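>>> coordinates for the following, if possible.
(2 chains)
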Amino acid sequence: MSIILESKNLTKTFGATKALDNVSFAVERGRIVGLLGPNGSGKSTFIKICNELLTPTSGEVRIEDLNPGVETKRIVSYLPEKTYLNDWMKVSQIVGFFQDFYTDFNPEKAYDMLKRLNIDPNSRLKTLSKGTKEKVQLILVMSREARLYLLDEPIGGVDPAARDYILDTIIRNYSDDASIVLSTHLIADIEKILDDVIFLKKGRVILAKTVDEIRDEYGKSVDALFREVFKC
Amino acid sequence: MLRKLIKYEVKATARWFIPLYTVLLVFALINRLLFYANPSAIEETANVLQVARTLSMLAYVFLFTGIMVVTLVVVVQRYYKGLLGDEGYLMFTLPVQTWKLIMSKLSVAMLWSFLSAIVGICSIMLLIPSPDIRKIGMFFTMIHDFIGPISYFSISLLGLSVLAFSVIEMYAAITLGHLFRKHKLLASFGMYIGLNTLSQMVFILVMPFFLDTIISMRVHSVFPAPSRSNALILVLGITFMLLTATFYAVTNILLKRKLNLE
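Numbering: from 1, shown residues only, chains lettered A, B, ... in the order given. Have a look, this model is predicted:
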């Protein structure tokens, strides 16, 4: 299997704190990878470096053997942990915006999902609740036919009822050779869709295995293992 | 892609300016009408008219200064919030080169600054009673007589480069200030003062070549030969252009290599 995303000795420091410390791992094509760790373990930092929103202190990230840049942004669909929606557009206008800038964006898919989640395309982004904004962002991101999805806390602010639909959406909307890296600390909810897991602790990779390996070797679920490893 | 970026930037900003411009022009017109209104023989109506005149004039002045302030605030906010704030997560992950992002912000900021000035001038012309308009006409003829020999090219170049320079100077200062981990706003102000001083030093280096022209104008009140004034304006324009290009390059490199959205 070929590699779509590779992190090579990646280090990022903020002042005196090391957010990422010599992180190396690779993501293969067609896999759903969970980037798991408690708050402040470096998950978002890693994903932001992949999107050129942060500059690494040392080491590098390669996506399809390229450093993050215009070419990688064409094939990477990114869901940030923040809401980046401006306050002046309507939902339909931001859909148009994505259609304008991303050639792999499928508007029918977006409108279909908006309908399923009862979001009116004519409502202004300003008037939406925080949870609804997150749903709109996820819809935009998953309506792209990207090669790599980088999802930072995709279900964090969404109610449990919508979670299942969203996870289902994630699974249904990516093609077999696309990969997904998603960060979360809500492992129980997401465990069933993961192929591989990477545990991050204080900026270091402390475990990188397939879900099957974890079940075979430790005889427990990823959630149970996580609770054991990160016990306070 | 640049065209699309500019399209969205115009849409995002027009909702501020179009209503403001309209209201300003309407108030200029109201002032004019009130000015011409015939004070009634009855004292009370005359008083009411006087109050209305004062109020509408106050509203006009308030709007006029308001537009200038809003122009500055929007130019700064669209850059600071739109690229270095949360919206930056959207803009910097578009498959678009960084220089195009800066160019879209810069060109639209220049457009609105220019339009704000034009609308401001138009509103003043609306205010002025017709006999005085002829005097303004004479003023423009004077300008024409002055500029004519100098060439419109140099004057336009100078105008355009001053406009571009004043916007990009703020962008560069904000971007430099953003490199600091704390007190980014304060750092941006400091950087602005620094860049301004730096630019002035560049002009101090250029000026000695035109010392004779400046002295003859300021000390002896003698108008320099058109070719000489033209050269001065052209050199000033080019200097502003070069400074603009430098600040643009600095901003671009910092956003590409040192971006840290936290």
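>>> who are the contact partners of residue A:161?
With contact set as Cβ atoms under 8 Å, 6 or more residues apart in numbering or on different chains, residue A:161 has no partners. Yep, even glycine has a C-beta here, placed from its N, CA and C like the rest.
>>> who does the residue nearest the centre of chain A bridge with?
Residue closest to the average C-alpha location in chain A (Cα atoms, centre = their mean): residue A:151, at 1.3 Å. Following DSSP bridges, residue A:151 is listed with bridge partners residue A:79, residue A:182.
>>> am I right that it is in contact with residue A:179?
No: between residue A:151 and residue A:179 there is no contact under Cβ atoms under 8 Å: 11.2 Å.
>>> taking the centroid of chain B, which residue is nearest it?
Mean-position check on chain B, Cα atoms, centre = their mean. Result residue B:113 at 3.8 Å.
>>> from the chain's centre, how far out does the worst-scoring helix or strand of chain A on mean pLDDT sit?
Within chain A, judged by mean pLDDT, DSSP states H and E, the helix or strand with the poorest mean is helix A:160-172; its value is a mean of 80. Distance of helix A:160-172 from the chain centroid (Cα atoms, centre = their mean, to the nearest Å) equals 14 Å.
>>> what do you get for stretch A:166-173?
Centre-to-centre, stretch A:166-173 and its host chain are 13 Å apart (Cα atoms, centre = their mean).
>>> what's the answer for stretch A:52-60, then?
Put simply, stretch A:52-60 sits 18 Å off its chain's centre (Cα atoms, centre = their mean).
>>> could you list every helix and strand that the longest helix along chain B packs against?
With DSSP state H setting the assignment, residue counts place helix B:43-84 as the longest helix in chain B. When contacts are defined as 3 or more Cβ pairs under 8 Å, 6 or more residues apart in numbering or on different chains; DSSP states H and E, helix B:43-84 packs onto helix B:2-36, helix B:88-91, helix B:98-127, helix B:152-178.
>>> per-residue confidence for the closest residue to residue A:178 other than its chain neighbours?
Nearest non-adjacent residue to residue A:178, counting by Cβ to Cβ, 6 or more residues apart in numbering or on different chains: residue A:147, 5.3 Å away. Note for residue A:147: predicted pLDDT of 93.
>>> can you check the one 5 residues further on too?
Confidence at residue A:152, expressed as pLDDT, is 92.
>>> what is the burial count for residue B:37?
12 (other Cβ atoms under 10 Å in any protein chain shown).
>>> correction: residue B:248
The number of residues packed near residue B:248 is 19, by other Cβ under 10 Å.
>>> contacting residues around it?
Counting by Cβ under 8 Å, 6+ apart, residue B:248 has contacts B:99, B:102, B:106, B:168, B:172.
>>> buried residues, stretch B:240-259. List them.
Using 16 or more other Cβ atoms under 10 Å in any protein chain shown as the test for burial, stretch B:240-259 gives B:240-241, B:243-244, B:246-248, B:250-252, B:254-255, B:259.
>>> so residue A:20: helix, strand or coil?
strand (DSSP: H, G, I helix; E, B strand; the rest coil).
>>> contact partners for it?
Counting by Cβ under 8 Å, 6+ apart, residue A:20 makes contact with A:10-12, A:42, A:45-46, A:49, A:56, A:203.
>>> and residue A:124, by the same measure?
By Cβ under 8 Å, 6+ apart, the contact set of residue A:124 is A:87-91.
>>> ok, those residues vs residue B:81, which is closest?
Set against residue B:81, the nearest of the contacts of residue A:124 by Cβ to Cβ is residue A:87 (10.4 Å).
>>> isn't that closest one right up against residue A:126?
Yes: Residue A:87 lies in contact with residue A:126 (Cβ under 8 Å); the separation is 4.0 Å.
>>> and stretch B:118-133, how far out from the chain middle?
That offset, for stretch B:118-133, works out to 20 Å (Cα atoms, centre = their mean).
>>> I misspoke; the intended subject was stretch A:185-204.
Put simply, stretch A:185-204 sits 11 Å off its chain's centre (Cα atoms, centre = their mean).
>>> please see if it touches chain B.
No: using Cβ under 8 Å from any Cβ of the partner chain, stretch A:185-204 stays clear of chain B, with a minimum separation of 15.5 Å.
>>> just the element for residue A:156, please.
For residue A:156, there is no enclosing helix or strand under DSSP states H and E.
>>> tell me the contacts of residue B:162?
Taking Cβ under 8 Å, 6+ apart, we find residue B:162 in contact with residue B:240.
>>> now do it, the pLDDT please.
Note for residue B:162: predicted pLDDT of 95.
>>> gap between it and chain A?
Taking Cβ to the nearest Cβ, to the nearest Å as the measure, residue B:162 falls 30 Å from chain A.
>>> and for residue B:151?
Here residue B:151 is placed at a distance of 41 Å from chain A (Cβ to the nearest Cβ).
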